[in-house]
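Enquirer: let me see the structure of the following:
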Amino acid sequence: MTRHFLNLSDAGGDAIAAMLDDALSRKAARKGWPKGKADADGPLAGHMLAMIFEKSSTRTRFSFEMAMEQLGGSAIVADSGSMQLGRGETVADTARVLSRYVDAIMIRTDDHAKVEEMAACASVPVINALTDLSHPCQIVADLLTIVEHGKALPGLQVAWLGDGNNVLHSIVEAAGLMKFDVRIGCPEGYDPDERFNEAARKAGSSITVHRNAAEAAEGADVIVTDTWISMGQKGGEAKLAAMGPFQVDEALMARAKPDALFLHCLPAHRGEEVTDAVIDGPQSVIFDEAENRLHAQKSVLRWVFGQL
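Expert: I've put the predicted structure just below:
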């Protein structure tokens, strides 16, 4: 059966734990190596990944391409504007054609229904590299960063500040799978999709929504935020005004535990969702987090190919 990675629940908690273990060991094994050198075992030698971008990218493009390089495979990168997909060819036909050329497909797009259709019609694994609904690859990297910095996932208290967006959906999904709790600080009208909250609660996690930022951050092990207006979204001044009280500044970080970590998937709008003092401060691990997109996605790739 073909393995797709459209959301974290496609893999499940045990598989995510295996991905984290694999990522930690592979990262440690190549410490000090040139970044373009392949891992000693070259587990994806001869494999080709198609990378489709309907949204611009820095971290996703470079990390996935380097992931394939380090695993011994190769990647073909295309944006939809350079493909017939951008001129009206259906997602279904694109999936069927690419399945004849490559061993897996990664797609970064807007509508989650597109990745679902791609997976339904492809005969090779499909990986969600971001949709408007979820961002599972980012959260595997976030979990890796948290574990790498000495924090156990079960019982962890994560505070989210800002918009109830795709990244938050995947954090909440991870909470249910990995047994941690999430406190969501966001203004009314910007709540996450309740389906994710309910699924995590049914799995035993505490998912609470707060209209007060300090209340959400109090005693947290990890503080997470993201841009208030994501790529392609409209919001303008009204949304920025509503989000203002949820900015992560030094006073808000002081509400969390003294050893709390600060995460942000980047790119950041400094002075909006986070201040320079926090994002450049001692509790910020954003560049470890960005690097870990590479290591986490190597393990996601190994999982879809049945190696984990």
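Enquirer: from here on, contacts and neighbour counts on C-alpha atoms
Expert: Will do.
Enquirer: so G244 versus T227, what's the distance?
Expert: 12 Å (CA to CA, to the nearest Å).
Enquirer: do the same with D288
Expert: Using CA to CA, D288 is found at 19 Å from T227.
Enquirer: got it, and L252?
Expert: Using CA to CA, one obtains 17 Å as the distance from L252 to T227.
Enquirer: and for L98?
Expert: Distance from L98 to T227, by CA to CA: 33 Å.
Enquirer: again, but for T208
Expert: Distance of T208 to T227, computed by CA to CA: 21 Å.
Enquirer: look at the two and report which has more neighbours.
Expert: More neighbours surround T227 than the other of T208 and T227, with 19 against 14 (other CA atoms under 10 Å).
Enquirer: show me the contacts for the more buried one.
Expert: Contact partners of T227, counting by CA atoms under 8 Å, 6 or more residues apart in numbering, are G162, D163, L266, P267, A268, H269, E272, E273.
Enquirer: what number of residues lie near the fourth one?
Expert: Right, the one you point to is P267. For P267, the neighbour count with other CA under 10 Å is 13.
Enquirer: cool, and the first one?
Expert: A count of neighbours around G162, defined by other CA under 10 Å, yields 27.
Enquirer: that one contacts G189, correct?
Expert: No - with contact defined as CA atoms under 8 Å, G162 and G189 do not form a contacting pair (11.4 Å).
Enquirer: where does pLDDT dip in the protein?
Expert: Counting by pLDDT under 70, the chain shows low-confidence ranges at 231-235.
Enquirer: ok, longest helix in it?
Expert: Counting by DSSP state H, the longest helix found in the chain is helix 286-304.
Enquirer: about what we covered before: hey, what's in contact with both of G244 and T227?
Expert: Residues touching both G244 and T227 by CA under 8 Å, 6+ apart: E272, E273.
Enquirer: please name the nearest non-neighbouring residue to K55.
Expert: Leaving aside its chain neighbours, K55 sits nearest to T109 (5.7 Å; criterion: CA to CA, 6 or more residues apart in numbering).
Enquirer: what residues are up against that neighbour?
Expert: Taking CA under 8 Å, 6+ apart, we find T109 in contact with F53, E54, K55, V115, A129, L130, T131, D132.
Enquirer: just these now: which is nearest N212?
Expert: Among these, D132 lies closest to N212 (CA to CA), at 25.4 Å.
Enquirer: now do the helices in the stretch 101-250 of the chain.
Expert: 112-121, 136-148, 166-178, 194-202, 213-217, 236-243, 250-253 (DSSP state H, counting those that start in this stretch).
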